[in-house]
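> next come a sequence and a model predicted from it.
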Number of protein chains: 2
Amino acid sequence: MLDLIKPLVVRNASKIVLAVADGLGGLPVEPGGPTELEAAATPNLDALVRANVCGLSLPVRPGITPGSGPGHLGLFGYDPVVHQIGRGVLEALGIDFDLGPNDVAARGNFCTVDAEGRITDRRAGRIANEPARAVVAKLKQIRIPGAEVFVEHVREYRFVLVLRGDPAGAAVADTDPGREGVRPLAPEAETPESEPTARLITQFIEQAAAILKDAPPANMVTLRGIARRPPVPSMAEVYGLKAGALAVYPMYRGLARLVGMTVLDPGRNWTEQCEALRRHWRDFDFFFLHYKYTDAAGEDGDFQRKVGRIEEFDAGFPQIVELGPDVLIVTGDHSTPAKLRSHSWHPVPVLLASDTCRPDLVERFGERPCLSGGLGQLEAKSLLPLALAHAGRLAKFGA
Amino acid sequence: MLDLIKPLVVRNASKIVLAVADGLGGLPVEPGGPTELEAAATPNLDALVRANVCGLSLPVRPGITPGSGPGHLGLFGYDPVVHQIGRGVLEALGIDFDLGPNDVAARGNFCTVDAEGRITDRRAGRIANEPARAVVAKLKQIRIPGAEVFVEHVREYRFVLVLRGDPAGAAVADTDPGREGVRPLAPEAETPESEPTARLITQFIEQAAAILKDAPPANMVTLRGIARRPPVPSMAEVYGLKAGALAVYPMYRGLARLVGMTVLDPGRNWTEQCEALRRHWRDFDFFFLHYKYTDAAGEDGDFQRKVGRIEEFDAGFPQIVELGPDVLIVTGDHSTPAKLRSHSWHPVPVLLASDTCRPDLVERFGERPCLSGGLGQLEAKSLLPLALAHAGRLAKFGA
């Protein structure tokens, strides 16, 4: 699809806004009841739905529950099955680490080992943030010939390791054996090209073990999800879009950076994000606004709080609409039904507002009303090509 | 999909009719208003919709606006992204030139160059048809060893060049630099196999330059879209269908010929096309009827005229239905909303009538009613396999 799109791209002065309420889709908690979105009072989104077109977005494929990475890559117009993001890379993005194209990132865990080196606690007694930061400070002393080493704390027993050196393969197996009572595994290269990287990681682990050995509970480390950032072509390159991101949480800023967006200061909350949009309006073609709290409430199983968060999200739209975007897409990266307390595979309501849309008969933004929407059910990755079409940014295919 | 279908094909005496109103899909011109099709009185199509099944056809992929070539290849059951047709080939099809499988076709422009050979007008002052035909007559004298040369006038400054010789690559770059103030480019081979073709084209250009040099404004030529017709397997080969085409405009006859249809004399208008269908009823399994004027009205931005053209199209169906086709599909190759005055990416209403269809609850042929249709939204290329199934022409897949 990217190969089909790229030669058709036309540049113009149009503005596209993609507003994402994380985990927007939901489920009824009782038979016959409403979903979170259906229960919420969303007068602004409903007005947009009545005048425009809606449908349901399938984040990846039927039945596939996406993490935040695949959920967002789809919305940015990339097939999340083709462009997979390693766990280590996501962990680095999640702390706003500016990963270079050759950096190798790994998710690290502190663990406790016994005198024979066997793991007795895979999470080092869920060590608290403060002592964990002190351990991280010690690991920051590690020096390895041929690579720059970055160690950054994430939370409790979790940290990120980044090695910046000459490019080489990054297919190195996890050292976390996934259970207790055994020693951490060696970081084995899975391809011949990855052997230099495996040797660097071996040196890191040896030095870390030496530094930590006398200070349980965090007296050893394990690594997993060792990966380089995927070679995703930028939105500028594929779509000809100068894109800016307004996201409060680091993970989403990182995902935006991965596809070449400029990460802007979003302020501290949704109201400030909408104000920041106005401030940067002239500077970009495409804006990604990310609202986190719908997902957090869903993960907590708190139906009512998710309803309230959706209403807060809705309240920002008068400001957004007033700017006069040529295309406005409102959706979620996946569903997070309070009933399931987790991400899910269910399709996500989506609305597309543009002067060139073909209105349907839907009157309310919600899972059931959107079933009759003019967009039908479509894969999330199709939304960006549609946005470009509505913005007059795609030339005719063939004559 | 073609590989899946081909071994399942069964032959029988059934008749399939595909009636295409070019650019059928539309948009409301005012909020809450009807589309062209919704505004039209279409009693015959509505009766077919009530008794049968409808939906929306996506010509290529979401957001992709097709030209006539991709729009029709999809309806003929071929993926238009896989089977792409070069500009030169379409230009040749558009003047009813019967392109052979080895012919290399190019779209030619007359242009004006100065004493140093730099282009001063890329369209030779939009030279009128009559003097342009005189220039084409001069170019018809060109002889090139190893290839037969055809030069045919299209319109104003546009002509078609066809070289018929031994097969060789046809990947030769455009000579049109796309701007004025510079010389035309050399026809460079883009692959080693295309070098013989590039040499033939170089000889054509040298002779053309010599013949035209003293007669501005058309004192030079540029070529682009140099291509051979794509190796599309015929409908007989893939679908086991003996197919006949009834199209008034050359482009659509050419597209039909490209997939192996027999091009029949369509008469001069829709009424005569429907009569021609009756005359040829016994001779073919599959009939393609093409109605052009809906698209032309849309391109002119004339909503009311498009409504009238749709009503004229509707009026032909009693005659078609009376013949008793086993399967009748009515749709468009793409949308051409009068509001946009151009082709667009919006899905196109489609109805499928057959004794084996599963009727839905739709009562009217139109963009919004078709959203509830039993066919859902499906890619155009899926319609032909569906037609075969309803015609009893596809065996069970697997045991």
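Perfect, thanks for sending it. What you are looking at is a predicted structure, and each value in this text was computed from that prediction instead of being measured. Numbering: from 1, shown residues only, chains lettered A, B, ... in the order given.

> what's the pLDDT at the residue of chain A found nearest chain B?
The nearest approach of chain A to chain B comes at A:Pro385, 3.4 Å away (Cβ to the nearest Cβ). All C-beta spots, glycine's among them, are computed from the backbone N, C-alpha and C. pLDDT, the model's per-residue confidence, is 98 for A:Pro385.

> again, but for A:His343
According to the per-residue confidence, A:His343 scores 97 in pLDDT.

> contacting residues for it?
In this structure, A:His343 makes contact with A:Gly23, A:Thr65, A:Pro66, A:Gly67, A:Gly71, A:Asp295, A:His334, A:Ser335, A:Thr336, judged by Cβ atoms under 8 Å, 6 or more residues apart in numbering or on different chains.

> make it 7 Å
Counting by Cβ atoms under 7 Å, 6 or more residues apart in numbering or on different chains, A:His343 touches A:Gly23, A:Thr65, A:Pro66, A:Gly67, A:His334, A:Thr336.

> got CSV for the residues you listed, with neighbour count and secondary structure too?
Rendered in CSV, the data for these read as follows (neighbours: other Cβ atoms under 10 Å in any protein chain shown; DSSP: H, G, I helix; E, B strand; the rest coil):
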residue, neighbour count, secondary structure
A:Gly23, 31, coil
A:Thr65, 17, coil
A:Pro66, 22, coil
A:Gly67, 17, coil
A:His334, 32, coil
A:Thr336, 32, coil
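
> redo the residues you listed as JSON lines? Include pLDDT.
Putting the contacts of A:His343 into JSON lines (pLDDT from 0 to 100) gives the following:
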{"residue": "A:Gly23", "pLDDT": "98"}
{"residue": "A:Thr65", "pLDDT": "97"}
{"residue": "A:Pro66", "pLDDT": "96"}
{"residue": "A:Gly67", "pLDDT": "94"}
{"residue": "A:His334", "pLDDT": "98"}
{"residue": "A:Thr336", "pLDDT": "98"}
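
> okay, these in TSV with distance to A:Pro325 next?
Written out in TSV, the entries for those read as follows (distance: Cβ to Cβ, whole Å):
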residue	distance to A:Pro325
A:Gly23	23
A:Thr65	30
A:Pro66	26
A:Gly67	28
A:His334	24
A:Thr336	26
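
> part of a strand, is the residue of chain A closest to chain B?
No - with DSSP: H, G, I helix; E, B strand; the rest coil as the criterion, A:Pro385 is located in helix rather than a strand.

> identify the residues contacting it.
Counting by Cβ under 7 Å, 6+ apart, A:Pro385 makes contact with A:Met1, A:Ile5, A:Gly77, B:Pro62, B:Gly63, B:Ile64.

> now it, nearest residue through space, not along the chain?
What sits nearest to A:Pro385 in space, not counting adjacent residues and going by Cβ to Cβ, 6 or more residues apart in numbering or on different chains, is B:Gly63, at 3.4 Å.

> need the max-distance pair from the contacts of A:Pro385.
A:Gly77 and B:Ile64 (13.2 Å; Cβ to Cβ).

> about what we covered before: from B:Glu91, how far off is the residue of chain A closest to chain B?
Taking Cβ to Cβ, to the nearest Å as the measure, A:Pro385 and B:Glu91 are separated by 27 Å.

> equivalent analysis for A:Arg229, please.
In this structure, A:Arg229 and B:Glu91 are 45 Å apart, going by Cβ to Cβ.

> looking at the two, which one has more neighbours?
Counting neighbours by other Cβ atoms under 10 Å in any protein chain shown for A:Arg229 and for B:Glu91 shows that B:Glu91 has the greater number, 27 against 23.

> which SSE is the more buried one in?
Of the helices and strands defined by DSSP states H and E, B:Glu91 is found in helix B:87-93.

> repeat that for A:Arg61.
When elements are assigned from DSSP H and E, A:Arg61 belongs to no helix and no strand.

> also the one 3 residues further on?
Taking DSSP H and E as the criterion, A:Ile64 maps to no regular element, lying outside all helices and strands.

> report the contact partners of it.
Applying Cβ under 7 Å, 6+ apart, the residues contacting A:Ile64 are A:Trp345.

> next one: it from A:Arg228, what distance?
Between A:Ile64 and A:Arg228 the distance, using Cβ to Cβ, works out to 24 Å.

> same thing with A:Gly86?
A:Gly86 is 7 Å from A:Arg228, where distance means Cβ to Cβ.

> what does A:Pro28 give?
Taking Cβ to Cβ, one finds A:Pro28 at 43 Å from A:Arg228.

> more crowded one of these two?
When neighbours are counted by other Cβ under 10 Å, A:Arg228 comes out ahead of the other of A:Pro28 and A:Arg228, with 22 against 17.

> my guess is the more buried one contacts A:Ala168. True?
No - when contacts are counted by Cβ atoms under 7 Å, A:Arg228 is not listed as touching A:Ala168 (9.5 Å).

> just send the contacts of A:Pro385 back as CSV, with distance to B:Ala132 too.
Conversion of those to CSV gives the following (distance: Cβ to Cβ, whole Å):
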residue, distance to B:Ala132
A:Met1, 40
A:Ile5, 36
A:Gly77, 44
B:Pro62, 40
B:Gly63, 37
B:Ile64, 34
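
> out of these, who's nearest B:Ala247?
Nearest to B:Ala247 out of the contacts of A:Pro385 is B:Ile64 (Cβ to Cβ; 23.4 Å).

> list the contacts for A:Tyr78?
A:Val232, A:Val259, A:Lys381.

> which pLDDT value goes with A:Ala399?
80.

> what do you get for A:Pro101?
88.

> show me the contacts for it.
Taking Cβ under 7 Å, 6+ apart as the definition of contact, the neighbours of A:Pro101 are A:Arg229.

> go again with 8 Å.
Taking Cβ under 8 Å, 6+ apart as the test, what A:Pro101 contacts is A:Arg228, A:Arg229, A:Pro231.

> which ones among the residues you listed are found in strands?
Among the contacts of A:Pro101, the residues falling in strands (DSSP state E) are A:Arg228.

> reformat the contacts of A:Pro101 as CSV; add pLDDT and distance to A:Val104.
Listed next are the contacts of A:Pro101 as CSV, based on pLDDT from 0 to 100; distance: Cβ to Cβ, whole Å:
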residue, pLDDT, distance to A:Val104
A:Arg228, 93, 6
A:Arg229, 91, 9
A:Pro231, 87, 14
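
> spell out which residues of chain A are next to chain B.
Within chain A, the residues that sit near chain B (Cβ under 8 Å from any Cβ of the partner chain) are A:1, A:4, A:8, A:51, A:356, A:358-361, A:372-374, A:376, A:378, A:382-383, A:385-390, A:394-399.

> longest helix anywhere in chain A?
Ranked by residue count, the top helix of chain A under DSSP state H comes out as helix A:195-212.

> list the contacts of it.
Among residues not part of helix A:195-212, those counted as contacts by Cβ under 8 Å, 6+ apart are A:104, A:106, A:110, A:135, A:138-139, A:141-142, A:144, A:146-147, A:149, A:161, A:163, A:165-166, A:168-170, A:172, A:175, A:184, A:186-189, A:218-221, A:223, A:226.

> just the buried members of these?
Neighbour-count burial (16 or more other Cβ atoms under 10 Å in any protein chain shown) is assigned, among the contacts of helix A:195-212, to A:104, A:106, A:110, A:135, A:139, A:142, A:144, A:147, A:149, A:161, A:163, A:165, A:168-170, A:172, A:175, A:184, A:187, A:189, A:218-221, A:223, A:226.

> low-confidence stretches in chain A?
In the predicted model, chain A carries no residue with pLDDT under 70.

> can you list the domain ranges for it.
A:2-83+A:232-390, A:90-228 (automatic domain parsing).

> ok now the longest one, how far from the chain's centre?
With Cα atoms, centre = their mean, to the nearest Å as the basis, the distance from the averaged C-alpha position of domain A:2-83+A:232-390 to the chain average is 12 Å.

> check the shortest one too.
Relative to the chain's own centre, domain A:90-228 is displaced by 22 Å; criterion: Cα atoms, centre = their mean.

> still on that earlier bit, what touches both of A:Gly86 and A:Arg228?
With contacts taken as Cβ under 8 Å, 6+ apart, the residues that reach both A:Gly86 and A:Arg228 are A:Ala105, A:Ala170.
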